[in-house]
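Chemist: requesting a structural model of the entry that follows:
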Amino acid sequence: METLKWIIYVLIFATSTGLGILYSQKYQKRVNELKDFKTALNMLKTKIRFTYAPLKEIFYDISKSITSKTGKIFEEAADYMDKVGATDSWTSAVKSAELCVTKEDKEVICQFGKLLGKTDLDGQLNEIELSLNFLETQIQKAEEEKNKNAKLYKSLGVIAGAGIIIILI
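Modeler: Numbers count the residues shown, from 1 in each chain. Just a heads-up that it's a prediction; the model follows:
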């Protein structure tokens, strides 16, 4: 009976610690996803400037290069581009994606699509540059939140597990 009790205590401690770690990883995922978007936009800027390929083709190329959720967003946007246009396909792809970003991050990412395919080469490049600047700001905010909160949730998971065990003993 005593062994069963200790096994339960270990399971409680492991579960609460695991939950703390899982919750803290959300902050790292947000940073990674924003960095993936930044990488994708840099690729887009380069391909628009030097290849003059159609936007749909560029989106497919980016989706092949970036294997994360970001790549899937570019692929989905390219799939719908002929049906609803670049702006609507981009907005729809971003909004339907399961990302670990905040609402503010999604707005910045969606904002990029507002003039997508509607301006000349210089207008597109300026829009991408503006979006990159906004993304850099969001990445800095995400890094600060990660540094502040990730360790907190890990510690909170450990402390909560230890607290529950102490109460049960």
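Chemist: quick check: mean pLDDT of the helix ranked longest in the chain?
Modeler: In the chain, taking DSSP state H as the definition, the longest helix is helix 2-51. The average pLDDT within helix 2-51 is 89.
Chemist: over to stretch 67-74?
Modeler: Computed over stretch 67-74, the mean pLDDT rounds to 87.
Chemist: quick one on the thing from earlier: other SSEs contacting the longest helix of the chain?
Modeler: Helix 2-51 is packed against helix 55-65, helix 69-84, helix 103-112, helix 121-168, with contacts defined by 3 or more C-beta pairs under 8 Å, 6 or more residues apart in numbering; DSSP states H and E. For glycine as for every other residue, the C-beta is placed from the backbone atoms N, C-alpha and C.
Chemist: tilt between it and helix 69-84?
Modeler: For helix 2-51 against helix 69-84, the angle by axes from the mean of the first three to the mean of the last three C-alpha atoms, to 10 degrees is 50 degrees.
Chemist: helix 2-51 vs helix 55-65, what angle?
Modeler: 140 degrees.
Chemist: can you report how many residues neighbour K83?
Modeler: 8 (other C-beta atoms under 10 Å).
Chemist: any idea how far the nearest residue to it once chain neighbours are set aside is from K26?
Modeler: In space, and not counting its chain neighbours, K83 is closest to S89: 7.4 Å by C-beta to C-beta, 6 or more residues apart in numbering. S89 sits 28 Å away from K26, going by C-beta to C-beta, to the nearest Å.
Chemist: neighbour count winner among these two?
Modeler: Of the pair S89 and K26, S89 is the one with more neighbours under other C-beta under 10 Å, namely 24 against 14.
Chemist: residues touching that one, list them.
Modeler: 76-81, 83 (C-beta atoms under 8 Å, 6 or more residues apart in numbering).
Chemist: same check, this time on N147
Modeler: Contacts for N147 (C-beta under 8 Å, 6+ apart) come out as none.
Chemist: for K106, same thing?
Modeler: Counting by C-beta under 8 Å, 6+ apart, K106 touches 94-95, 99.
Chemist: over to I12?
Modeler: Contacts for I12 were tallied using C-beta under 8 Å, 6+ apart; they are 161, 164-165, 168.
Chemist: what residues sit buried inside stretch 28-46?
Modeler: Of the residues in stretch 28-46, 29-41, 43-45 count as buried by neighbour count, 16 or more other C-beta atoms under 10 Å.
Chemist: likewise for stretch 62-76?
Modeler: The neighbour-count check on stretch 62-76 (16+ other C-beta under 10 Å) flags 62-63, 66, 68-71, 73-76 as buried.
Chemist: could I get those residues as TSV with distance to D105?
Modeler: Formatted as TSV, the buried residues of stretch 62-76 follow (distance: C-beta to C-beta, whole Å):
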residue	distance to D105
I62	19
S63	20
I66	17
S68	15
K69	13
T70	12
G71	17
I73	13
F74	16
E75	20
E76	18
